[in-house]
Every structure is written in C-alpha cells, then in structure tokens.
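In: Sharing a model prediction with you, sequence too.
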Amino acid sequence: MPRQTLYSVTLVLLLATLLAGCSAGNTPSAKAPTTAAQATHLPLATTVATAAEAPAPAQATTIPATPTDVPLPTTALPADVPWVLLNNQVYGDDEQLDFQAHNLPAPAGNIQGAPNGGYIAYTSQDGQLLVIETGRFTRVLNAEAYGRVVAGFAFSRDGRELAATLIDDQKNTWSLRFYSLVDGNSRELRQGSSSVALNDQLPLIPRPLHWAANGLLVDYVLWGTDALPSQLSLINPADGTERLLRKEGYLNSFPAPDGAHVAIVTGQPGMGSTPTMQLAIVTVTDGTEQVIIPEQPGYIRRLRWSPNSARLLYASSADYGVPDAIIHMRNIDGSNEHTFVVGSASVAAEIADLAWQNNQIALMLLAKTNGYFHLMKLPIDQFSGDNLQPYAAYERGQNPNSNAIIIYTPGK
C-alpha cells in the first residue's frame, strides 16, 4: 500500500476511535513512553537537551466507549519490563495503567509492584491501602472496608499474599494482618494499642518492610509522629514469634531480597546544617553489624540491592537540595566500589530513581530539562556515565515538578 494511503487510513481510524472515546465521557489517555527500540536514537548529550531534541512518544491505546456496567478493556502491564509511576499513571513499555481512567484512587504514598508482577499495592491520599490486579486493573483489596489506614505493607515472595499493619484511629488500635490476594481471606497475627499506655510507654507499631524466606522483616514506628524508626526485627508469619536484630533508631533501612542482610543508614539528617550519613550492614542470622561507610558529610538519596543480594547501588549528594549526585556500586562488604557523577557535563540530568533490571544491568531514571524522564540501563561491568544506554522516555507533563519512581522490575 502506498505510504500516503496508509497514513490516510491510519488517520481515519485514529479519529474514529478518539470520537468514540470522547462520546462516552472518557478522559483522553496520556502519552505512553517510548519503547526501548524507539529510544535507541537518543544520544547521551554532553549538554542539556533542548525541547526540540525530545523524543516523540507513541500514542497510548485509546479506551473505546463501553457501557458503564462493563469493565473497561485493558492491556495488562507486562511483567518482563520495568514499571514507572509518573503523574498518576504506571508505564510498562507500551502499556499503561491510568488510575483516573479506571476509577481508582491516585497513589499518594508507598507503592510497589508484587515480585511476580501480578499486583500493585499502594497508599491513597486518605491513607487507605489498595491492591490492584495488573491483569485487569481491578481492586482485589481495599482496606477502607475495615475503616483503617495503613502503616506499612510487604508482598510475599510469590506475590500472592500481603502483610500489612492497619491503624484504626477511632479505636486507637493496630493490627498486623496477612491477606491472600487470590481468595480474599485474611488473618490477624498480632494487635495492640496505638495510644500512649497507662504506664506512659510509647505505642510503637510494627511496620512490614520485606517478606523473605526467613520471615517478615519489620521495624517499629511511633504512629503520628516524625520520630525515627527503631527495633528492627524478624517476625515468624506462622506464629508471630519475634527476634530483635537492632534496637537503636536509624534514618532508613533497606532489606536485601534474600532477607539475609539489611542495609542501615544512620547519622544526622541535617535540617539546617550539613547532613552526615553512615552505612552499615546487619546480618539477620545473628544481628551483627558491619560498618562499610563510616559517618561522613553527605546524604544517601537512594539505595537498591541487586536481585542476588550481592551488590548495593545507591546515590549520594552533599545535601537534600543539591541536584548533583554520585552514583555508587559496591559489594555488600564495602569492597570493589565504582562511581560516576550525575549532573556533570557527561550526564546532564538529575537522578530520580535507581533499580536493577537483573544482576548484570542497573537502571537509572534521570530527569532532564527537555521535559522527559529517561530510563537508562547500565551494564555493571561498564559502570560509567559514558556507557548509559537509553531504555525508555516518559513525558513529564504540564507540571514541571513532577516526580517519577520505579515501582517494579523483573529483577532476575
């Protein structure tokens, strides 16, 4: 078929689909990200890219008009590609989940994809926990039915269960529960008070961090305050027995995928002064702690374990508001460190998030001034800003302050 004829037919079909969607009152879909194949032409410019250099994302699939009592047709998020959350939409290659289009509350807090890619769990603006099946974009769990807000949650290794701590502000109680996402059954493992006890003991609440083969890693938080978390523990999901790993407070914790170690960030957050950070590794079997980065000026902004729990990938900067960041990769014992700078002339961007595509390839989500977030991949045996390779690009939209995060990777 001649090229001009093909373009005419395509245009007619596209206009017909858009008119059908508008007649049903659907909100037009946002632009989908460019795929890896489409993004391969993006150069790693040594200067900030201009708007004219911005990639042209493919059009998202338009949702056709349907009766209100029929579920909207969807294209499932593929489980073999990374997912990026931006402007209340989750992008996975050419597919996307638009929360508004599917009458779902927008994410406002913690959000993560299940290890098998079958579900997305997140906190809504009113503090409710929701779980969405990614194959149909329908709710399989809504904690609003329990009249509670969520303090934290974690998926099981097979992605079929969810551990969550829910707070009932009316009754001042908390409940650590386990939900089957397959059949909807749930059970309560532990419960307690979220108000100050009669003996003035602080009401510390267990917050699920990571569900590994050796148990559920939790820390304890003082609900309704900005106090630092403390009491890193391992809980047996079967009987609720608990083993304390670390009692002292800390700034942040990052459990390894296999549950054998936890990276702990300690130090001073700064708050008007120069922050200081220290990075240590806690061994779960015996609770021993090894400092791999002694306390020093700086701020650790992101930290991600490799899928095999052998390496750490993290970003550090001089302070919170500093756009330049040093990207680090090292073994869990602190050895074999590699670094490069994002924000330098060779990588003119700001770091938005980090992840791992697999044990050999790191992922970096970079914000550029051309109005796009760029997902880049980097082979770890070529750990340099000069070797970043384009994977996909996502349009920032009308809000110049939009943030983007990676919520799921295949990670194998």
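Out: Received it, and whenever you're ready, just let me know what you need.
In: How far does stretch 341-361 sit from its chain's centre?
Out: 16 Å (C-alpha atoms, centre = their mean, to the nearest Å).
In: now stretch 138-156
Out: Taking mean C-alpha positions (C-alpha atoms, centre = their mean), stretch 138-156 and its chain are 17 Å apart.
In: That stretch spans what distance, first to last residue?
Out: 20 Å (C-alpha to C-alpha, to the nearest Å).
In: Same question for that stretch: list its buried residues.
Out: Neighbour-count burial for stretch 138-156, counted by 16 or more other C-beta atoms under 10 Å, picks out 140-141, 143-144, 148-156. For every residue, glycine as well, the C-beta is placed using N, CA and C.
In: what's the answer for stretch 298-310, then?
Out: 298, 299, 300, 301, 302, 303, 304, 305, 306, 307, 309.
In: Stretch 206-219 now?
Out: 206, 207, 208, 209, 210, 211, 212, 215, 216, 217, 218, 219.
In: among those, which are in strands?
Out: 206, 207, 208, 209, 210, 211, 212, 215, 216, 217, 218, 219 (DSSP state E).
In: surely the third one meets residue 154?
Out: Yes - counting by C-beta atoms under 8 Å, residue 208 sits close enough to residue 154 to count as a contact (4.0 Å).
In: will you turn the buried residues of stretch 206-219 into CSV that also has distance to residue 271 and pLDDT?
Out: Listed next are the buried residues of stretch 206-219 as CSV, based on distance: C-beta to C-beta, whole Å; pLDDT from 0 to 100:
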residue, distance to residue 271, pLDDT
206, 27, 96
207, 23, 96
208, 28, 97
209, 24, 97
210, 28, 98
211, 33, 97
212, 33, 95
215, 34, 97
216, 32, 98
217, 28, 98
218, 27, 98
219, 21, 96
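In: just to revisit the earlier point, intersection of neighbour lists for residue 208 and residue 154?
Out: The overlap between the contact sets of residue 208 and residue 154 (C-beta atoms under 8 Å, 6 or more residues apart in numbering) consists of 163, 164, 216, 217.
In: about what we covered before: quick one: which of the buried residues of stretch 138-156 sit in strands?
Out: 140, 141, 149, 150, 151, 152, 153, 154, 155.
In: taking those residues as a set, which two sit the farthest apart in space?
Out: 140 and 151 (20.3 Å; C-beta to C-beta).
In: The host helix or strand of residue 407 pairs with which strands, and in what direction?
Out: Counting by DSSP states H and E, the element that carries residue 407 is strand 404-408. Strand 404-408 sits in its sheet next to strand 83-86 (antiparallel), going by DSSP bridges.
In: any idea of the mean pLDDT in the partner strand?
Out: Computed over strand 83-86, the mean pLDDT rounds to 96.
In: Can you give the distance from the next helix-or-strand element following that strand to the centre of its chain?
Out: Once the chain leaves strand 83-86, the next helix or strand it forms, by DSSP H and E, is strand 89-92. Its chain's average C-alpha position is 12 Å from that of strand 89-92, according to C-alpha atoms, centre = their mean.
In: same deal with stretch 158-177?
Out: The answer for stretch 158-177 is 20 Å, by C-alpha atoms, centre = their mean.
In: Kindly report the same for stretch 284-304.
Out: 21 Å.
In: Pull the most distant pair out of the shared contacts of residue 208 and residue 154.
Out: Going by C-beta to C-beta, the pair spanning the shared contacts of residue 208 and residue 154 furthest: 164 and 217, at 14.1 Å.
In: in the stretch 251-400 of the chain, what spans have low per-residue confidence?
Out: Under the criterion pLDDT under 70, no range of the stretch 251-400 of the chain is flagged.
In: Tell me where it has strands.
Out: 252-255, 261-268, 276-283, 289-297, 299-305, 311-317, 325-331, 338-342, 350-358, 361-367, 372-379, 389-395 (DSSP state E, counting those that start in this stretch).
In: Including distance to residue 114, could these go into a markdown table?
Out: Formatted as a markdown table, the strands of the stretch 251-400 of the chain follow (distance: least, C-beta to C-beta, whole Å):
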| stretch | distance to residue 114 |
| --- | --- |
| strand 252-255 | 16 |
| strand 261-268 | 21 |
| strand 276-283 | 25 |
| strand 289-297 | 30 |
| strand 299-305 | 17 |
| strand 311-317 | 21 |
| strand 325-331 | 26 |
| strand 338-342 | 29 |
| strand 350-358 | 15 |
| strand 361-367 | 18 |
| strand 372-379 | 20 |
| strand 389-395 | 21 |
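In: Nearest to residue 409 among these would be which one?
Out: Closest among those, using C-beta to C-beta: strand 350-358, at 4.9 Å.
In: ok, back up a step: closest to residue 374 among the buried residues of stretch 206-219?
Out: Nearest member of those to residue 374, counting by C-beta to C-beta, is residue 210, at 28.7 Å.
In: correct me, but the closest one touches residue 219?
Out: No - using C-beta under 8 Å, residue 210 is not in contact with residue 219, being 10.4 Å away.
In: returning to what we had before: and the buried residues of stretch 298-310, which is closest to residue 321?
Out: Closest to residue 321, out of all of the buried residues of stretch 298-310 and judged by C-beta to C-beta, is residue 299, at 9.8 Å.
In: In contact with residue 296: list those residues for me.
Out: Counting by C-beta under 8 Å, 6+ apart, residue 296 has contacts 276, 277, 278.
In: partner residues bridging residue 351?
Out: Note on residue 351: beta-bridge partners residue 366, judged by DSSP bridges.
In: actually residue 187, not the one I wrote
Out: Beta-bridge partners, per DSSP bridges, of residue 187: residue 178.
In: Kindly tell me how buried it is, as a neighbour count.
Out: 9 (other C-beta atoms under 10 Å).
In: where does it land on pLDDT?
Out: On the pLDDT scale, residue 187 gets 94.
In: Go ahead and confirm it touches residue 177.
Out: Yes - using C-beta under 8 Å, residue 187 is in contact with residue 177, at 6.7 Å.
In: Buried residues in stretch 165-185, which are they?
Out: Buried, per 16+ other C-beta under 10 Å, within stretch 165-185: 165, 166, 167, 173, 174, 175, 176, 177, 178, 179, 181.
In: follow-up on the earlier one: which of the residues in the strand holding residue 407 are buried?
Out: 404, 405, 406, 407, 408.
In: which of the residues you listed sit farthest apart?
Out: The distance between the two most remote of the buried residues of strand 404-408 (C-beta to C-beta) is 13.3 Å, for 404 and 408.
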